[in-house]
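Engineer: Quick one: sequence plus predicted model below, questions after.
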Amino acid sequence: MSALDQSIQGLRETFRRDQVWPFLAPEQAAKVDVSNQMILYVEGLNLSFDGFKALNDLNLYVKDGELRCLIGANGAGKTTLMDVITGKTQCDSGTVYFGQTHNLLTKDEADIAQLGIGRKFQKPTVFEEQTVFDNLELSLKTDKRVIQTLFARLSPSEIDRIDEVLKIIGLKDQRFMKAGALSHGQKQWLEIGMLLVSDPRLLLIDEPVAGMTAQETERTAELLTSLAGERTVIVVEHDMEFVRSIARTVTVLHQGSVLAEGTMDQIQNNKDVIEVYLGEEAAEA
Ligand SMILES: Nc1ncnc2c1ncn2[C@@H]1O[C@H](COP(=O)(O)OP(=O)(O)OP(=O)(O)O)[C@@H](O)[C@H]1O
């Protein structure tokens with residue numbers, strides 16, 4: 001290398017943005033220690049609201065790459081559990097670990113999201129006036145791990161990422177459509193896509209098929225099934241037919257504790273579950 005080349009190389013090194021301003025360096029995705037195959041450890045979780053035990057010595061272990069369904073009657077504690085995992089609500093006692101090393105109870109909501117835990121609430125909250133692509137772009141830019149300003153142009157790899165997500169959620173043909181013009185099901189998929197652009201390790205999804213047509217429900221089952229493996233997905237759902245179509249393992253919550261866990265067949269034949277949950281559902285139906 002000539003002296004000139006060396007100085008140019010030196011200058012390039014010196015003025016690399018991440019060298020000059022360390023805060024501009026892209027943060028590495030957090031390492032999640034799943035060497036025991038588990039990604040989520042919830043142990044002895046308790047939470048009372050004015051003396052009412054919403055979570056009662058709850059234990060839950062979820063394997064890395066699993067697609068787990070969480071069911072339970074109204075008030076069983078499903079949402080409260082999600083709230084504690086994502087840092088929205090503090091518990092009274094217990095532990096929640098993401099992998100073997102990240103103690104989630106010491107972190108706030110933003111830190112937990114940044115660790116790679118994405119949550120989708122039941123109601124879609126897409127930006128209706130923006131296009132599908134812009135919704136995904138905005139999510140990418142508000143992901144703190146991607147150092148961008150809202151006005152910076154997307155890098156080729158970011159455009160590729162959005163294209164990849166559009167393909168996963170099946171909205172490639174709708175990329176320039178305003179989100180407000182999408183069907184209810186498509187809005188739900190877009191919102192899942194808005195989580196996916198940040199490449200989360202664990203997705204918590206609340207009642208994804210409520211209000212969907214049969215065809216949309218089927219497509220959602222395919223989507224969630226395809227997401228598991230590379231990432232872990234926990235789905236809270238009341239639609240038992242849908243749960244049967246996607247779940248390998250189902251966890252039944254009752255009065256803030258795990259009542260039963262197993263395959264859908266085991267759950268549907270479990271005496272306790274039939275008595276306290278499926279019985280109620282059947283009676284309601
Ligand atoms: N902030 C709160 N203050 C008081 N009680 C609460 C609060 N949040 C939840 N609860 C109570 O805790 C219990 C568990 O509620 P949670 O929303 O977790 O149930 P769920 O299983 O998600 O039910 P659903 O299927 O209806 O959404 C309920 O009895 C609820 O009324």
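Structural biologist: Here it is on my side, so go on.
Engineer: measure Glu241 to Cys69 for me?
Structural biologist: Glu241 is 12 Å from Cys69, where distance means Cβ to Cβ, to the nearest Å. Every residue, glycine included, has its C-beta placed from N, CA and C.
Engineer: Which of those two has more residues huddled nearby?
Structural biologist: Comparing Glu241 with Cys69 by other Cβ atoms under 10 Å, the one with more neighbours is Cys69, at 25 against 11.
Engineer: Give the bridge partners for that one, please.
Structural biologist: Cys69 forms beta bridges with Val235, Val250, as assigned by DSSP bridges.
Engineer: list the contacts for it?
Structural biologist: Cys69 makes contact with 234-237, 243, 246-247, 249-251, according to Cβ atoms under 8 Å, 6 or more residues apart in numbering.
Engineer: repeat for Pro208
Structural biologist: Contacts of Pro208 (Cβ under 8 Å, 6+ apart): 120, 188, 192, 220, 224, 235, 237.
Engineer: hang on, the earlier thing: and which of the contacts of Cys69 is nearest to the ligand?
Structural biologist: The ligand lies nearest to Val236 out of those, by Cβ to the nearest ligand atom, at 6.9 Å.
Engineer: Next, count neighbours for the closest one.
Structural biologist: 23.
Engineer: Val42 too?
Structural biologist: By other Cβ under 10 Å, the residues close to Val42 number 21.
Engineer: now Glu191
Structural biologist: 22.
Engineer: Pretty sure Arg219 sits against Gln188.
Structural biologist: No: counting by Cβ atoms under 8 Å, Arg219 stays clear of Gln188, with 10.0 Å between them.
Engineer: higher neighbour count, those two?
Structural biologist: Under the criterion of other Cβ under 10 Å, the comparison of Arg219 against Gln188 puts Gln188 first, with 28 against 19.
Engineer: what helix or strand does the more buried one sit in?
Structural biologist: Per DSSP states H and E, Gln188 falls inside helix 184-196.
Engineer: cool, and Ile159?
Structural biologist: Using DSSP H and E, Ile159 falls within helix 156-168.
Engineer: What residues of that helix count as buried?
Structural biologist: 158, 161-162, 165-166, 168 (16 or more other Cβ atoms under 10 Å).
Engineer: so can I have TSV of the residues you listed showing distance to the ligand?
Structural biologist: TSV is the format used below for these (distance: Cβ to the nearest ligand atom, whole Å):
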residue	distance to the ligand
Glu158	35
Arg161	32
Ile162	32
Val165	28
Leu166	31
Ile168	27
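Engineer: Redo those as TSV? Include pLDDT.
Structural biologist: Output for the buried residues of helix 156-168, formatted as TSV (pLDDT from 0 to 100):
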residue	pLDDT
Glu158	90
Arg161	94
Ile162	96
Val165	97
Leu166	98
Ile168	97
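Engineer: Just list what the helix holding Ile159 packs against, helices and strands only.
Structural biologist: Identification of packing neighbours for helix 156-168 by 3 or more Cβ pairs under 8 Å, 6 or more residues apart in numbering; DSSP states H and E yields helix 132-142, helix 184-196, helix 214-227.
Engineer: Output it in CSV with nothing but the alpha carbons.
Structural biologist: The C-alpha trace of helix 156-168 is given here as CSV (Å, rounded to 0.1, in the frame of the first residue of the first chain):
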residue,chain,number,x,y,z
PRO,A,156,-30.3,-0.7,1.1
SER,A,157,-30.2,-3.3,3.9
GLU,A,158,-33.1,-1.6,5.6
ILE,A,159,-35.1,-1.5,2.4
ASP,A,160,-34.3,-5.2,2.0
ARG,A,161,-35.5,-5.9,5.5
ILE,A,162,-38.8,-4.1,4.9
ASP,A,163,-39.2,-6.1,1.6
GLU,A,164,-38.5,-9.3,3.5
VAL,A,165,-41.1,-8.4,6.1
LEU,A,166,-43.7,-7.5,3.4
LYS,A,167,-43.2,-10.9,2.0
ILE,A,168,-43.5,-12.6,5.4
